[in-house]
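> return a 3D structure for these sequence lines:
(2 chains)
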Amino acid sequence: MQASQAAGHAGHHDDASHGHGPTGLMRWVTTTNHKDIGTMYLWFSFVMFLVGGAMSLIIRAELLSPGLQYVSPEFYNQMLTLHALIMVFGAIMPAFVGFANWMIPLMIGAPDMAFARMNNWSFWLLPPAAILLTASLFVPGGAAGTGWTLYPPLSIQMGMGMDMAIFAVHILGMSSIMGSINIITTILNMRTPGMTLMKMPLFCWTWLVTAFLLIASMPILAGAVTMLLTDRHFGTSFFNAAGGGDPVLFQHIFWFFGHPEVYIIALPAFGVVSHVIPAFSRKHLFGYTSMVYAIAAIGLISFFVWAHHMYVTGIPLTGQLYFMYATMLIAIPTGVKVFNWVTTMWRGSLSFETPMLFALGFLVLFTIGGLTGLVLAMTAVDIQLQDTYYVVAHFHYVMVAGALFSAYAGLYFWLPKWTGHMYSEGLGKLHFWLSMIFFNIAFFPQHFLGLAGMPRRIPDYAQQFADFNMISSIGSFGFGFSQLLVLVVVFKAIKGGVKAEARPWDGARGLEWTVPSPAPHHTFEDPPAFDPAEAHG
Amino acid sequence: MSHPASANRYFVPQPSHWPLVGSLALLLLASGAVMTMNSVASGGFLLMGGFAVLAVMLFGWFGRVIGESESGSYNPQVDRSFRWAMAWFIFSEVMFFAAFFGALFYVRVLSVPDIASADQAALWEGFKGQWPTAGPAAKDLFTPMHAWGIPAINTLLLLSSGVTVTWAHWGLVANKRQQLITGLAMTIVLGVVFISLQAYEYAEAYSHLNLKMTTGVYGSTFFMLTGFHGFHVTLGATMLIVILLRTLKGHFTAERHFAFEAVAWYWHFVDVVWLGLFVVVYWL
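Here you go, the predicted model:
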């Protein structure tokens, strides 16, 4: 029935409200189509991923051997700051928003996002922010060199590149808030009749909670950088002890945003993996209900653990204890999720296509990143490890092997739906294994460097750290250049290849697999009948 | 396969160039602001250009939405979407103010007493840490803003405006258009008087009380909190004016008037924020 309805769409283009508008470039600029906007988000995030990746290679080239080789310390600081800001706000977040745009309306049987025009603005706010961030490299004084946390007093003293970063953050925040309002409204108001919240695909659940986190935390970041701006230019004293303020105040406000931000990135990644693992295990997701409660619990607790980033700022012992225990509490719902994924595979009919490989890579490496997070949550340990490479290793296991691997799992999983062609399985597997191996070569030695006491955010280091740094740099170059394979895979799938069926994965469930591949420009203009066999719950 | 009437379908708008115009406006505004703040020539022109483009975008985009609404494109499901969206937007605004309230609580409860504590005595000798304070390094004296003058009157004005806007809503749902128009006009007048008094208070602070944004954390929190609130009242009053003009043009029915309700919600939101400000910024 779904197929016949979808096939019938071709005859509906005379419908006045859905006529095709401008063509060429203007089609993309003015579009109100969630698939077009999702595609733009994904391409934008990939371009930013390459830009941020190039910056990380500059960092790793400098760290290949001790001494100052290629860049000045100031430029090094700018590279690591922009690398982080671009990867977090320009690459990973837009990638998952791209998935949300493409897939949520298809998953819940909606004709589009609730606010299709505002959706386009959410996307088109990203390029101005990217322009501000990258152009800041070329203004007097260069870009912000404070690290992505923008801590005062250093950020108060920076040049105008800092102001550009501040306004970029404002614009990115607007984009995120509008995108989130759109996603929440779409999920709450536009599910097809019969799809109750507890039958909704898990990816939608993770985005529902993520959108809540964004709406609650992005305005806090906006407030924090606004205070930075007025301290810099209008003589306020929020972060200046001489006026009664406190630089540590910024850290509190920043991390009240910053910790939920970690889950803003991680939760949609959990959502993707929760689709891929059941599909390639040919089973229902184990413990759907507990997954939903775990997502909600992680989202909620993430607002009450922020000061675990601040153990060395002199917060009181009772505060340290509270934040230590609260942080460890997050391990419980996260553990629920990891065990549920593993149990989903238990006695499943497993096959290991590229999406599944990336999901499994995610599962193993994200768990390592989560466990090093628990190590860092312990105050007594963290005081030794604060600002060392152990922290760098930890969050790259979470952000790269966690979020990025999950995004790749989603990319390979849904690419047939987007392009109408199967990707090259051989190239996909090559991409996975190169990524998996080089990622670990790049980041695993950083644990040892951190434990041995190498501080982060420095362009030079003591001789004793030379060997592990060289290994790490070689791994990072291997990892970086392996990512270019994605371009080859995607272009090949766009140009041609084996025709993809509507449901190219026999174990996959959900409404998105009931429309043809590639998905027609307009889908579900009338709400589809909801077949309980497609339910995730 | 049969299709229900197109009117029951969820409204998906035509392609639109307004998002791009809006992004251009923000790029101009951000670049202009950066240049102005760093004394780069011609920053002011970019800033003004940004405001102009933003104004064009707001007129064009909202005009389009009003046109779609009046032509009956929005079915009840679309109406529900708007309600969810406005509620979440107001929540994001609440969180924005929360950052500044949090900063105020932090300096009053933690940083100022800490600077005045025995640990810091060597650094800031003789600093008592009594609120309100311009900080240990302040040399000039200033007079803090008293709660029971203009701020108390302003509280009364905003609370009354909450009543008048509700009275206007009652008029709307009872099809009493004159009550609706009178109520809206009264609300706008109260809002404008509030903003004028606030401006007068600022002028007093700068000219007579020596209370400025540069007056340490007290000045910082005072002007940032009341300033952002005043900006939101200005925004709310502008939206109320638009609603009044639409009412005069005959828009809104007793059953369908989401835009009115959205602005009323927003107005109540700035009202509630003011109550918080009155208690913790002016009074306590």
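
> and residue 31, how many neighbours does it have?
By default, I'm working from chain A. 24 (other Cβ atoms under 10 Å in any protein chain shown). Quick note: C-beta positions are derived from backbone N, CA and C, even for glycine.

> try chain B instead
22.

> contacts only, for it.
A:132, B:43, B:46, B:50 (Cβ atoms under 8 Å, 6 or more residues apart in numbering or on different chains).

> and residue 125, what pLDDT?
The chain I'm using is chain A. Looking at residue A:125, its pLDDT reads 98.

> not what I meant, chain B
At residue B:125, pLDDT is 86.

> where does it land in three-state SS?
Following DSSP: H, G, I helix; E, B strand; the rest coil, the label given to residue B:125 is coil.

> ok, the residue lying closest to residue B:127 once chain neighbours are set aside - how many residues close by?
Nearest residue to residue B:127 in three dimensions, chain neighbours excluded: residue B:136, at 3.9 Å (Cβ to Cβ, 6 or more residues apart in numbering or on different chains). Using other Cβ under 10 Å, residue B:136 has 21 neighbouring residues.

> report the contact partners of whatever residue of the stretch 201-350 of chain A ends up closest to chain B.
Across the stretch 201-350 of chain A, the shortest distance to chain B (Cβ to the nearest Cβ) belongs to residue A:223, at 2.6 Å. Residues in contact with residue A:223, defined by Cβ under 8 Å, 6+ apart, are A:253, B:96, B:98, B:99, B:100, B:103.

> next: residue A:226.
For residue A:226, the contacting residues are A:166, A:170, B:224, by Cβ under 8 Å, 6+ apart.

> average pLDDT for the helix or strand encompassing residue A:208?
Per DSSP states H and E, residue A:208 falls inside helix A:202-233. The average pLDDT for helix A:202-233 rounds to 98.

> right, and the helix or strand after it?
Immediately after helix A:202-233, counting by DSSP H and E, sits helix A:247-281.

> look up phi and psi at residue A:111.
With angles defined as degrees, to the nearest 10, residue A:111 sits at phi -70, psi -30.

> outline the domain layout of chain B.
B:13-73, B:76-283 (automatic domain parsing).

> and the end-to-end length of the shortest one?
Its first and final residues considered, domain B:13-73 spans 9 Å by Cα to Cα, to the nearest Å.

> kindly report the same for the longest one.
Counting by Cα to Cα, you get 45 Å between the two ends of domain B:76-283.

> chain center to that domain: distance?
Using Cα atoms, centre = their mean, to the nearest Å, the distance from the centre of domain B:76-283 to the centre of the chain it belongs to is 7 Å.

> circling back to that earlier point, neighbour-wise, which one of the contacts of residue B:31 leads?
residue A:132 (25 neighbours).

> host element of the nearest residue to that residue once chain neighbours are set aside?
With sequence-adjacent residues excluded and distances taken as Cβ to Cβ, 6+ apart, residue A:132 is closest to residue A:168, at 4.1 Å. Using DSSP H and E, residue A:168 sits in helix A:160-189.

> chain center to that helix, what's the gap?
Relative to its parent chain, helix A:160-189 has a centroid offset of 14 Å by Cα atoms, centre = their mean.

> can you pull the buried residues of it?
A:160-187, A:189 (16 or more other Cβ atoms under 10 Å in any protein chain shown).

> can I assume residue B:30 is in contact with residue A:133?
No. Using Cβ atoms under 8 Å, residue B:30 makes no contact with residue A:133, being 10.9 Å away.

> of those two, which one has the most company?
residue A:133 (27 against 24).

> distance of that one from chain B?
Residue A:133 is 11 Å from chain B, where distance means Cβ to the nearest Cβ, to the nearest Å.

> what do you get for residue A:483?
28 Å.

> which non-adjacent residue is nearest that residue?
Using Cβ to Cβ, 6+ apart, the closest residue to residue A:483 is residue A:53 (6.6 Å).

> mind pulling the model confidence for the residue nearest to residue A:132?
Residue A:168 is given a pLDDT of 98.

> contact partners for it?
Contacts of residue A:168 by Cβ under 8 Å, 6+ apart are A:85, A:89, A:129, A:130, A:132, A:133, A:136, B:30.

> now those in TSV, with secondary structure, pLDDT and distance to residue A:205?
Shown next, in TSV, are the contacts of residue A:168 (DSSP: H, G, I helix; E, B strand; the rest coil; pLDDT from 0 to 100; distance: Cβ to Cβ, whole Å):
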residue	secondary structure	pLDDT	distance to residue A:205
A:85	helix	97	29
A:89	helix	97	24
A:129	helix	97	28
A:130	helix	97	30
A:132	helix	97	34
A:133	helix	97	32
A:136	helix	96	37
B:30	helix	98	35
